[in-house]
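A.B. asks: Fold the following, please.
(chains A and B)
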Amino acid sequence: METAHKTIFTSKDLETDQEVRWCPGCGDYAILNSLKKVLPELDHSKEDFVFVSGIGCSSRLPYYMDTYGMHSIHGRATAIALGLKTSRPELSVWVITGDGDALSIGGNHLIHTLRRNPNLNILLFNNQIYGLTKGQYSPTSEIGKITKSSPIGTVDSPFNPIALALGSNGTFVARTLDRDPKHQQEIYKRAYHHSGCSLVEVYQNCNVFNDGAFEIMTEKDSKPFTTIFVEHGKPLVFANGTKGIVLEGLKAKVVDIINGNTEGLWIHDESDSMKAYILSRFFDNDELPRPFGVLYADASKPSLDGLIQAQLKEKRIDNKTLAFNDLLKSKNSWEVQ
Amino acid sequence: MSETTKREQHVVIKFAGDSGDGVQLTGTQFAETSALFGNDIATFPDFPAEIRAPIGTLPGVSGFQLHIGDNEILTPGDTYDVLVALNAAALKVNLKFLKPNGIIIANNDGFDDKNLRLAKIDENDNPLHNGSLDAYQVFTADITKLTKLAVAEFGLGNKEAERCKNMYVLGLVYWLFDRNLQHSIDFIEKQFSKKELVAKSNIKALQAGYHFGETSEMFGNRFEIAAAVYKKGTYRSINGNQATALGLLGASVKSGIPIFLGTYPITPASDILHELSKHKGFDLISFQAEDEIAGICSAIGASYGGRLGVTTSSGPGIALKTEAIGLATMLELPLVICNIQRGGPSTGLPTKTEQSDLLQALYGRNGECPLVVIAASTPADCYEMSYMAVKIALEHTVPVMFLSDGYLANGAQPWMIKTLDEMPEISSHFIRQANDSKEYQPYARNADLSREHAVPGTPGMEHRIGGLEKENITGNISYDAANHELMVKLRAQKVLNVADTLPLQTFEHGNKDSKALIIGWGSTFGSISTAVKELREEGLDIAHIHLKYINPLPSNLGEMLQNFDKVFVAELNNGQLIRLIRDKFLKDAQGINKIQGQPFQITEIKDIIKHNLQ
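C.D. replies: Coordinates of the predicted model:
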């Protein structure tokens, strides 16, 4: 829902008087800056944005944005945001969360929020580590990882957040990365304009406790070969246009592109949930590049807040005092004279 | 055919059968009809936690106790005058509370070999025939067979036909108490409006039971219980969960602030969710969350947006909500948390009553986290107290815990309806309009320490709040040592300030010069009040104080207690309020405690007091 008369504001208007307390070099700065660039370009006025976060490094973000915001408790931001959004559907509500916050302690709320499809934008900062508690493994840490709480390596298999979101019937599932501000901004705008629950996984570097976790996907030399940026209606091409993906049955396969001929390549279709699931599973195969972009978007499913408002509108009683007093008496009341 | 009529001032009836027999419906119908007739009533449904416990067994027995009278009735009664037993297990479980020479109405068909075996009674030792019930008036009938015969013309299946026997029994008891069938006929027609044959069969069974009472000359006499004398007004029958739902809704209408109910189903609180979810016309959002935590957190999000957040649960669920209650305390937002207590700890006794969550309500959070705690004393009082919970939450910008319990939740009484014009005004502290006059400070305070909350969407007042300690006035994050102590004390004082707006405590019975004092809280009101009334009639000058506001306590309570050397605290737990009384007033109080999942019997309270005062 868009506000009728948007008041103009700039990125600078979004600055707060609070000192940003992330470690120098943290990927969170880039995400904050991208959001500050995007917000003024959207259709809501500044006072109509709300950032709700849980606990963790990422969850400090609301303090650094001069919009409305709540820094809540661990894992529960999605539930709080759902209550806010369904109560005030005209607001633009964003959830800022991390891999521990959203996928570990808040996992239950995340999957149920996705299936219910309230019109929220969930930004999941995934750095594959617990940063605020100083370096324990997270539910997205790779198996065998050595951390303070796993001195001889983790034995927990990690979550694949994109597959989880698709499995939870998420209607907008995307991935971006901190080191690519332009791509981030594009994806945040798409998430904002999606009517329904948007889940954006943001690969984010924790340079203190898990430095370089996504290095091969962000460094200039390796990035073209380890990542693929998908766009609706376009073939899956990577490695500076030299490689592409074909779909053989349900299996994705890397092929060489000869003379720029992309015929036969997998054409990305955001609305295809089956293909989106296969894309999400590139995660399991190191031979395949990691997909970024809008992997799945289904605008056909009504939003939870829309459905709730429709019910309220249908049942709305004008004179509530009169109706309430009648309600008290409606169940077999009797008069004593 | 001449029957005599026996006038009684009050009678206690217990309907008991297998949990699949529908005795809860029989009892509810009898209660409603009696209330409509003008009797005062108190009811006590008592059923197993299993939806269908093994048929015919002792744990599978479901009961509905009903006390009707021609004057004020405050409890469902200690012992029964009439026991309706639909099977052998129901008789065995309930016989111990039947008065000497009390009436037993037994279904012969529920005493066959199989039922006796399931009730762990020797097949050759049927209590209906072995003389063991000689001290009672026993009336038996083949209720199952008679029901099936009565409804045979409608061609229902065997099981469906048998299921009408609760209506047959209802008809029989209606005859015994000379009651009109119309209310139940209307009920059946409405209930089965889409199943004509079932409706017709149930009505036929009801009428057949009634006629059997008349023609069989089964009973020597009928009972007559005159209508009670009520103040002029409009009345209805209401149970605690209905009253809680209506109190919350009424306060929402009065304040003009719509409810967001975020709740996860749990016994015995779910009926509040069921009731409120019917009332979306009042702009009410009811959200059945994925768990208890999401229930309260979504409600907090709604309050943050300018609605009234409400969550309803019972002890185990409240335990899960604990951290979020702390958040609401830090955010200083209005929120109502209803705890319909049950036996604990852990899963405990889901369908049984207990008052054992008081300390949890008062202290069960991390950090210094004071919470307003209030408790309803009767089913109808749930209306006023849940209304007050909303009023306090909105006017003081605090979370409030409203305590009820299984006994209040399911117990019913006649209630003189209080429409909204008779209820107090409610104000709130939401800012929804831009205000250029001064800079908005989220933690600037009013005289009573409440704060003004600018809801999202209000231009020029953008701000951030959260669970981290915040600087006084600005609300910015602060780890400053002195500021933290200041904020802890401000939040505590803010809760204490609620007492300034509460009614002063009064004595239910006696006065400050009485010989001894008994203090109670919550659902024990009826038992304690009746016990004290009877003791006073027997010449013991006992005073009774019943607390509805527990944190903060009424400001005059200390003064009221001052003179007493002998103070009893009666509660359905292992001693919780007593700790508070000892702590606050240094009184050497003595506990009267029961932890059996059952309400106090009047005699239990009387006996302990008498024993101690001799």
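A.B. asks: tell me which element B:Thr353 is part of?
C.D. replies: For B:Thr353, there is no host helix or strand (DSSP states H and E).
A.B. asks: Could you pull out the strands in the stretch 101-250 of chain A for me?
C.D. replies: Counting by DSSP state E, counting those that start in this stretch, the stretch 101-250 of chain A has strands at residues A:120-126, A:172-177, A:198-203, A:227-229, A:237-238, A:243-248.
A.B. asks: Other residues contacting the second one?
C.D. replies: It refers to strand A:172-177. Residues outside strand A:172-177 that contact it (CB atoms under 8 Å, 6 or more residues apart in numbering or on different chains): A:162, A:165-166, A:183-184, A:187, A:190-191, A:194, A:196-204, A:214, A:217-218, A:276, A:280, A:290-298. C-beta: built from backbone N, CA, C; applies to glycine.
A.B. asks: Mind checking which of the residues you listed are buried?
C.D. replies: A:162, A:165-166, A:183-184, A:187, A:190-191, A:194, A:196-204, A:214, A:217-218, A:276, A:280, A:290-298 (16 or more other CB atoms under 10 Å in any protein chain shown).
A.B. asks: what bits of chain B have low per-residue confidence?
C.D. replies: B:1-3, B:437 (pLDDT under 70).
A.B. asks: Tell me the bridge partners for the closest residue to chain A within the stretch 451-600 of chain B.
C.D. replies: Closest approach between the stretch 451-600 of chain B and chain A, counting by CB to the nearest CB: B:Gly466, at 3.0 Å. On the basis of DSSP bridges, B:Gly466 is bridged to A:His71.
A.B. asks: Could you tell me which residues make contact with it?
C.D. replies: Contacts of B:Gly466 (CB under 8 Å, 6+ apart): A:62-63, A:69-72, B:330-331, B:477.
A.B. asks: What residues does the stretch 351-500 of chain B have near chain A?
C.D. replies: B:417-420, B:455-468, B:476-477 (CB under 8 Å from any CB of the partner chain).
A.B. asks: Which of the residues you listed fall within strands?
C.D. replies: Among those, the ones falling in strands (DSSP state E) are B:464-466.
A.B. asks: before we move on, back to that, can you add mean pLDDT and give the strands of the stretch 101-250 of chain A back as TSV?
C.D. replies: Below are the strands of the stretch 101-250 of chain A laid out as TSV (pLDDT from 0 to 100):
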stretch	mean pLDDT
strand A:120-126	98
strand A:172-177	98
strand A:198-203	98
strand A:227-229	98
strand A:237-238	98
strand A:243-248	97
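A.B. asks: Output the ones you listed as TSV; include the columns distance to B:Phe15.
C.D. replies: Formatted as TSV, the strands of the stretch 101-250 of chain A follow (distance: least, CB to CB, whole Å):
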stretch	distance to B:Phe15
strand A:120-126	50
strand A:172-177	56
strand A:198-203	54
strand A:227-229	71
strand A:237-238	75
strand A:243-248	67
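A.B. asks: Of those strands, which is nearest B:Glu439?
C.D. replies: strand A:120-126 (29.5 Å; CB to CB).
A.B. asks: which helices and strands sit right next to the closest one?
C.D. replies: Judged by 3 or more CB pairs under 8 Å, 6 or more residues apart in numbering or on different chains; DSSP states H and E, the packing partners of strand A:120-126 are helix A:28-38, helix A:77-87, strand A:92-98, helix A:99-100, helix A:107-116, helix A:181-193, strand A:198-203.
A.B. asks: Check the offset of it from the chain's centre.
C.D. replies: 3 Å (CA atoms, centre = their mean, to the nearest Å).
A.B. asks: hmm, who's touching that strand?
C.D. replies: Contacts for strand A:120-126 (CB under 8 Å, 6+ apart): A:27-28, A:31, A:57-58, A:78, A:81-82, A:85, A:92-99, A:102-103, A:110, A:113, A:140, A:161, A:188, A:191-192, A:194, A:197-204.
A.B. asks: Need the CA coordinates for stretch A:316-325. CSV is fine.
C.D. replies: Provided in CSV are the C-alpha atoms of stretch A:316-325 (Å, rounded to 0.1, in the frame of the first residue of the first chain):
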residue,chain,number,x,y,z
ARG,A,316,-17.3,-3.6,10.3
ILE,A,317,-19.9,-2.4,12.7
ASP,A,318,-20.6,1.4,12.7
ASN,A,319,-22.1,1.9,16.1
LYS,A,320,-19.8,-0.2,18.2
THR,A,321,-21.1,0.9,21.6
LEU,A,322,-24.7,0.0,20.7
ALA,A,323,-23.5,-3.3,19.2
PHE,A,324,-21.5,-4.2,22.2
ASN,A,325,-24.4,-3.5,24.6
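A.B. asks: mind giving me the domain ranges of chain B?
C.D. replies: B:4-224, B:232-501, B:507-613 (automatic domain parsing).
A.B. asks: what residue ranges in the stretch 1-150 of chain A score low on pLDDT?
C.D. replies: A:1-4.
A.B. asks: 80 instead?
C.D. replies: A:1-5 (pLDDT under 80).
A.B. asks: need the residues of it near chain B, please.
C.D. replies: So the stretch 1-150 of chain A meets chain B at A:7, A:16-18, A:45-48, A:50, A:52, A:55, A:62-63, A:65-73, A:76, A:79-88, A:90-91, A:108-109, A:112 (CB under 8 Å from any CB).
A.B. asks: Could you tell me how far stretch B:272-285 lies from the centre of the chain?
C.D. replies: 19 Å.
A.B. asks: Mind picking the one among the ones in strands among the residues of the stretch 351-500 of chain B next to chain A that's closest to B:Gly38?
C.D. replies: For those, the nearest to B:Gly38 is B:Ile465 (53.7 Å; CB to CB).
A.B. asks: neighbours of the closest one, just the number please.
C.D. replies: 24 (other CB atoms under 10 Å in any protein chain shown).
A.B. asks: Identify the residues contacting residue 273.
C.D. replies: All of this refers to chain A. Contacts of A:Ser273 (CB under 8 Å, 6+ apart): A:166, A:296, A:298.
A.B. asks: that's the wrong chain, I wanted chain B
C.D. replies: With CB under 8 Å, 6+ apart, B:Leu273 has these contacts: B:261, B:263, B:265, B:286, B:288, B:312.
A.B. asks: can you list these in CSV and add secondary structure, neighbour count and distance to B:Gly77?
C.D. replies: CSV is the format used below for the contacts of B:Leu273 (DSSP: H, G, I helix; E, B strand; the rest coil; neighbours: other CB atoms under 10 Å in any protein chain shown; distance: CB to CB, whole Å):
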residue, secondary structure, neighbour count, distance to B:Gly77
B:Leu261, strand, 31, 35
B:Thr263, strand, 27, 33
B:Pro265, coil, 16, 31
B:Ser286, strand, 21, 36
B:Gln288, strand, 14, 37
B:Thr312, strand, 32, 29
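A.B. asks: ok, so of these, who is nearest B:Glu160?
C.D. replies: B:Pro265 (28.4 Å).
A.B. asks: Please report the distance of that closest one from chain A.
C.D. replies: Counting by CB to the nearest CB, to the nearest Å, the gap from B:Pro265 to chain A is 15 Å.
A.B. asks: Now do the contacts for that residue.
C.D. replies: Neighbours of B:Pro265 in contact, by CB under 8 Å, 6+ apart: B:273, B:288.
A.B. asks: Spell out which parts of the stretch 201-337 of chain A neighbour chain B.
C.D. replies: A:308, A:311-312, A:315-317, A:320-321, A:323-325, A:327-329, A:331-337.
A.B. asks: Show me the residues you listed that map onto helices.
C.D. replies: If you go by DSSP state H, those have A:308, A:311-312, A:315, A:320-321, A:323-325, A:327-329 in helices.
A.B. asks: And for the residue of the stretch 151-300 of chain B found nearest chain A, the neighbour number?
C.D. replies: When distances are taken as CB to the nearest CB, the stretch 151-300 of chain B reaches nearest to chain A at B:Ser298, 3.2 Å away. Neighbours of B:Ser298 under the rule other CB under 10 Å: 35.
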